[in-house]
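Q: Sequence plus predicted model, see below.
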Amino acid sequence: MKHFTIKEFDSTDLKGSGQFMDETFLSMLDDARGIANIPFKITSGFRTKEHNKKVGGVKSSSHLKGLACDISCVDSRSRFTVINALINVGFTRIGVSSSFIHVDLDYDKPQNVIWTY
């Protein structure tokens with residue numbers, strides 16, 4: 001990866017767990033970061049079941065499969081830039097909150113969706 005280190009995707013309770021992230025997901029995310037040309041601060045990548053429960057994640061969270069991450073984002077211009085880049089590289093599942101953007105590559109879930117928190 002050009003723009004990230006694998007440890008940025010570690011679950012906070014399991015050092016080295018970023019290695020469980022899906023390679024295709026990471027490649028697409030890296031491409032999106034290149035297009036956006038702004039930093040992507042990863043606030044949540046891979047999650048253990050315990051960490052997912054602690055943060056209130058759903059039982060079917062794509063973070064548990066290494067297919068998702070949350071990117072810190074607090075202003076509208078950055079939000080547009082990040083979402084635009086994610087869509088341009090082919091992501092079709094995006095969640096938007098006031099403080100982060102969730103993106104995943106989970107084909108077991110509905111596609112072509114954007115939701116809010």
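A: Looks like it came in fine. Just so it is clear, the structure is predicted and the values come from calculations on it, not from any experiment.
Q: give me the low-pLDDT residue ranges for the chain?
A: Residue ranges of the chain with pLDDT under 70: none are present.
Q: what residue lies at the spatial centre of it?
A: What sits nearest the mean C-alpha location of the chain, by C-alpha atoms, centre = their mean, is C69, with 2.0 Å.
Q: Let me know the distance separating that one from D10.
A: 11 Å (C-beta to C-beta, to the nearest Å). The C-beta positions use only the backbone N, C-alpha and C, and glycine is treated the same way.
Q: that older thread, what is the residue nearest to the centre of the chain paired to in the beta sheet?
A: V103 (DSSP bridges).
Q: Do I have it right that it meets R33?
A: No - counting by C-beta atoms under 8 Å, C69 does not reach R33; the two are 11.1 Å apart.
Q: in the protein, which spans are strands?
A: 42-44, 68-72, 93-96, 100-104, 113-116 (DSSP state E).
Q: Can you lay out the ones you listed as JSON lines showing distance to A85?
A: Below are the strands of the chain laid out as JSON lines (distance: least, C-beta to C-beta, whole Å):
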{"stretch": "strand 42-44", "distance to A85": "15"}
{"stretch": "strand 68-72", "distance to A85": "10"}
{"stretch": "strand 93-96", "distance to A85": "11"}
{"stretch": "strand 100-104", "distance to A85": "10"}
{"stretch": "strand 113-116", "distance to A85": "14"}
